[in-house]
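Colleague: Sharing a model that was predicted from the sequence below.
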Amino acid sequence: MRMKILRTALIAFTSLMLAPASSFAQAYPSKPITIVVPFPAGGTLDNLARTLSQKLGDNLKQSVIVDNKPGGGTMIGTERVARAQPDGYVLGMVANSFAINPSLHTDLRYDTEKDFAPVSYLAYTPHILVANPDVPVKTLQDVIARAKAQPGKVTFGSFGSGTSSHIAIEMLKKQADIDVLHIPYKGQAAALTDLLGGHVDMMFANVPDVLPHIASGKLRAIAVVNDQRLNTAPDVPTFKEAGLDGFKSNSWYGLVAPAGTPDEVVKKLSVEFTRILALPDVRAQLAEQGLVPLGTTPEEFSRHIKAEIANASEMVKKSGATAQ
């Protein structure tokens, strides 16, 4: 009899403990959600965040605010998410630098693998090498020849130290055996402004942001880092076609929450973003921008992050990249 009473009490206690989380998830969201973007406004990640946040707000009947927190090679905005209350009301957009920074920085103020709850792998875009049209290069072999003739003088802008565009530069230096000058910026928008103004020679850029400038002749496309030519830029050769086989570089984008966020909330957000990314109008809009929409489970995105951290560690070692 005593065991039966204890068992009944235990069941009641367990139900009581589980009830708050369940009811919280059902009531979520009851106030505005903030999505932190660790880049300035105007770049690919920011545009993606704003496109998806509008749809998310419509679906959840709540305001979704995009908060740009650039700087520190994305570490400032990412730390903001790590330190937020784990209640689903502060989320963070992440990109390649999320997985690269642990290999470049020994002073990270957060643990990439322990301080976050992956929500969904949202999309990716290939990198494209573009040059200011005043620079006398038209092909990848022209770029390599110019760099060899002027060691350390050909300038490459990047989205910032530790970002995917920075690692692409270091890998090109290694694979093509060239020496170029890396100039990091606080986001792609700032780097693109200086590239258009002729203050840097070239950069690895995200396809969506440079297609209009390529079409207008303000930038020259050299080669795209993809297995095949892009439908949005069919005249631009791949790196393999341009003579550098095996070169890989792209920008990927995902969403994370602070570690400790209730599983029910993480799953709810994952389902919502997957549903949004499956909408025909969203897919068409992103495809026009050169983005490949995905949408995954938290578990799938977690595996992707772990694989990217391992890949980044290897790339950093091979390329000799350092934080600048």
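Modeller: Everything's here; your move. None of the values given here were measured: they were computed from a predicted structure. Numbering: from 1, shown residues only.
Colleague: Please, where are all the strands along the stretch 1-150 of the chain?
Modeller: Counting by DSSP state E, counting those that start in this stretch, the segments of the stretch 1-150 of the chain that form strands are 33-37, 64-68, 90-95, 116-131.
Colleague: now the longest one and strand 90-95, what's the angle there?
Modeller: It stands for strand 116-131. In terms of direction (axes from the mean of the first three to the mean of the last three CA atoms, to 10 degrees), strand 116-131 departs from strand 90-95 by 40 degrees.
Colleague: For strand 116-131, the averaged confidence score.
Modeller: What strand 116-131 shows for mean pLDDT is 96.
Colleague: Strand partners (parallel or antiparallel) of it?
Modeller: The partner list of strand 116-131 in its sheet, established with DSSP bridges, is strand 202-206 (antiparallel), strand 220-225 (antiparallel), strand 250-258 (antiparallel), strand 292-293 (antiparallel).
Colleague: Out of these, which is closest to residue 275?
Modeller: Proximity to residue 275, assessed across the strands paired with strand 116-131 by CB to CB, is greatest for strand 292-293 (11.7 Å). Any C-beta I mention is one placed from the backbone N, CA and C, and that applies to glycine too.
Colleague: who's in contact with residue 269?
Modeller: Contacts of residue 269 were listed using CB atoms under 8 Å, 6 or more residues apart in numbering, and they are 88, 91, 119-120, 255, 257.
Colleague: Enumerate every residue touching the residue nearest to residue 52 when sequence neighbours are not counted.
Modeller: Of all residues not flanking residue 52 in the chain, residue 276 sits nearest, at 5.8 Å (CB to CB, 6 or more residues apart in numbering). Contact partners of residue 276, counting by CB under 8 Å, 6+ apart, are 52, 55-56, 59, 282, 295.
Colleague: make it 10 Å
Modeller: 51-56, 58-59, 120, 122, 282-283, 293, 295 (CB atoms under 10 Å, 6 or more residues apart in numbering).
Colleague: which one of the contacts of residue 269 sits closest to residue 217?
Modeller: The nearest member of the contacts of residue 269 to residue 217, counting by CB to CB, is residue 255 at 36.1 Å.
Colleague: gap between the host helix or strand of residue 282 and the chain center?
Modeller: Residue 282 belongs to helix 280-288 when assigned by DSSP states H and E. Its chain's C-alpha centre lies 18 Å from the corresponding centre of helix 280-288 when counted by CA atoms, centre = their mean, to the nearest Å.
Colleague: State whether residue 81 and residue 89 are indeed in contact, as I suppose.
Modeller: No: with the criterion set as CB atoms under 10 Å, residue 81 and residue 89 do not qualify as a contacting pair; they are 11.2 Å apart.
Colleague: And these two? Which one has more around it.
Modeller: Set side by side, residue 81 and residue 89 give different neighbour counts by other CB atoms under 10 Å, the larger being at residue 81 (26 against 19).
Colleague: what's the pLDDT at the residue nearest the centre of the chain?
Modeller: Among the residues of the chain, the one closest to the centroid is residue 95, at 2.0 Å (CA atoms, centre = their mean). The predicted local distance difference test score for residue 95 is 94.
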